[in-house]
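Undergrad: Have a look; sequence and predicted model below, questions after that.
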Amino acid sequence: MIRRTIHEWGSISYGSTNREIPVDAADRLAAVARASSFAGRNGGQVLEHGRKALRARGIVGVVAANGCSLEILPKIDAKPPDGNSEIGAVRQRLVHMLAVALDLRLDAGALTQLHWQRESLLEILINLFCQKLTSALRQGMPRRYLEHHEDLPSVRGRLDLTRQFTTLAGNPSFLACRFDALTRDIALNQIMKAAVRSLAAISRTFANQQCLRELGFVYSEVTDLEISSLRWDEVVLDRTNSRWAELLSLAKMLLGQRFQTTSEGKSGGYALLFEMNALFEEYIARMLKRALQDTALKVVAQGGRLYCLENEVKKRLFQTRPDILIKHGDDVVQIIDTKWKTIISAADDPKQDISQGDVYQMMAYGQLYKCSRLTLLYPHHDGLTPRDGAHSTFEVSGGNHSLEVRAIDIGTDTDLLDRLRALVFSPSAGAA
């Protein structure tokens, strides 16, 4: 099995060494990547299949094909814990971001069992799913009463009179019965079985494969459905099975229902890919809610939804959805737009490589939402420090708005909530 790891926007040359990838393996991986919904019209938005190398774009995750896999990790300046490599630390930070975005609780015991250095991101997520599912099943598999229709020799439940006097009119030896039966064959369990089956087909580590086989046996009496046929809308979570909410979120992620695309089958491989822009936005929004939960401020993600234009027949056009609104009562006091992009020091470029389109968008937000404080928020990296311009504040010409450029360090949990509070309450402070 050929396994390689690169970072987003990084490349790997073709060749036979451990730092290269064989041409035939690169061809197979590129074919799987082209099947992803992130691939774009030209098919190269996940991996650029060049003449001399494969180059990753701004999508992270794992692309796997027959006999090979490529792990694409985000550019996070993660601080390696004792004994961890930088690659292991980045995997750990990415899993942490996913856990926050999906409301997953990761206890210290579970984290210590994950092999951050040795295993790929995919195997780590499979391991995490196996741990949580095994733990939940120890308390019993969820069951529900479902209505059944069956023709029986004696009455069970109540008669289906319409069927009895039509379909069974010529066969009085059977009674058309309608009754409720307690069953495990429900939508929630069908989703878990589909996740177990799908992961068993792609996992390559012995421990994960063994655990998935055991879990498959537990679900042997549950109907086997294709992923496209799963009935997500029929899942009922109540006080009797609320502990399954985390597993449902994790299954949604692994089966391609949140933040990413999962493709399987046609290209002979599998891709679990995450759009870092969307994940970074969700992560920051949820962490801000935690940071401000004991204040009078409210965090609204993807809210607002005001329109830019209105014509003579009152038809509204170009709806806006700012990433994050900070509100005090009904007033918007700060608008934050997250950008998963590396900015440069103001000492090197006064514009800090900020997109002109992003500036125009923020000016429009300020006008529409009558908000004077606008913030573009980027991930921090080691090339930025408060002293050399990791943050900047600009006055918007012709108005009373200010545009702040901030960078937040997501490479560690240390004081992260404090830094987010400072981002809101200390506009004149240094870099977040």
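TA: Structure's in. What do you need?

Undergrad: can we go C-alpha only for contacts and neighbour counts from here?
TA: Noted.

Undergrad: In the stretch 301-432 of the chain, what residue spans correspond to helices?
TA: Secondary structure of the stretch 301-432 of the chain, counting by DSSP state H, counting those that start in this stretch: helices at 356-368, 416-425.

Undergrad: And F129, its phi and psi?
TA: As for F129, its main-chain torsions (degrees, to the nearest 10) stand at phi -60, psi -40.

Undergrad: May I have the residues that are in contact with it?
TA: Counting by CA atoms under 8 Å, 6 or more residues apart in numbering, F129 makes contact with L247, L250, A251.

Undergrad: which of those has the most neighbours?
TA: In terms of neighbour count, L250 stands highest of those at 26 neighbours, by other CA atoms under 10 Å.

Undergrad: Just give me how far whichever strand or helix holds it sits from the chain centre.
TA: When elements are assigned from DSSP states H and E, L250 belongs to helix 245-254. In terms of CA atoms, centre = their mean, to the nearest Å, the centre of helix 245-254 is found 10 Å from the chain centre.

Undergrad: Take the helices of the stretch 301-432 of the chain and write them to JSON lines, including distance to M97 and mean pLDDT.
TA: Below are those laid out as JSON lines (distance: least, CA to CA, whole Å; pLDDT from 0 to 100):
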{"stretch": "helix 356-368", "distance to M97": "24", "mean pLDDT": "89"}
{"stretch": "helix 416-425", "distance to M97": "13", "mean pLDDT": "90"}
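
Undergrad: Let me know which of the ones you listed is tucked in deepest.
TA: helix 416-425 (a mean of 18; mean count of other CA atoms under 10 Å).

Undergrad: For the helix or strand harbouring L133, list every residue counted as buried.
TA: Assigned by DSSP H and E, L133 belongs to helix 121-137. Neighbour-count burial for helix 121-137, counted by 16 or more other CA atoms under 10 Å, picks out 121-130, 132-133, 136.

Undergrad: As CSV, these with pLDDT and distance to L297 would be great.
TA: Output for those, formatted as CSV (pLDDT from 0 to 100; distance: CA to CA, whole Å):
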residue, pLDDT, distance to L297
L121, 89, 36
L122, 89, 37
E123, 90, 39
I124, 90, 37
L125, 91, 34
I126, 92, 38
N127, 91, 38
L128, 90, 35
F129, 93, 35
C130, 94, 38
K132, 91, 34
L133, 95, 37
A136, 92, 36
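
Undergrad: before we move on, back to that, now do the helix or strand just after the helix holding L133: which elements does it pack against?
TA: For helix 121-137, the succeeding helix or strand toward the C-terminus, using DSSP H and E, is strand 144-152. Packing partners of strand 144-152 (3 or more CA pairs under 8 Å, 6 or more residues apart in numbering; DSSP states H and E): strand 175-183.

Undergrad: Any buried residues in the strand it packs on, and which?
TA: Quick answer for strand 175-183 (16+ other CA under 10 Å): L175, A176, C177, R178, F179.

Undergrad: give me the low-pLDDT residue ranges for the chain?
TA: Applying pLDDT under 70 to the chain flags residues 79-84, 107-115, 257-268, 313-314, 345-353, 383-390, 398-399, 427-432.

Undergrad: Is the residue of it most remote from its centre in a helix, a strand, or coil?
TA: Distance from the centre of the chain peaks at G170, with 56.6 Å (CA atoms, centre = their mean). At G170 the chain is in coil, as set by DSSP: H, G, I helix; E, B strand; the rest coil.

Undergrad: separation between it and G88?
TA: 70 Å (CA to CA, to the nearest Å).

Undergrad: same question, K370
TA: For K370 relative to G88 (CA to CA), the value is 44 Å.

Undergrad: Could you do A200 as well?
TA: 24 Å.

Undergrad: Between these two, point out the one with more neighbours.
TA: G88 (22 against 19).

Undergrad: Verify the assumption that the more buried one is located in a helix.
TA: Yes - according to three-state DSSP, G88 belongs to a helix.

Undergrad: Correct me if wrong: it contacts S120.
TA: No - here G88 does not reach S120: they are 9.1 Å apart, not a contact under CA atoms under 8 Å.

Undergrad: in stretch 369-383, what counts as buried?
TA: So for stretch 369-383, counting by 16+ other CA under 10 Å, buried means Y369, C371, S372, R373, L374, T375, L376, L377, Y378, P379, H380, H381.

Undergrad: Determine the number of other residues adjacent to L297.
TA: L297: 18 neighbours (other CA under 10 Å).

Undergrad: repeat for H401
TA: So H401, with other CA under 10 Å, has 19 neighbours.

Undergrad: what separates it from M362, distance-wise?
TA: Distance from H401 to M362, by CA to CA: 10 Å.
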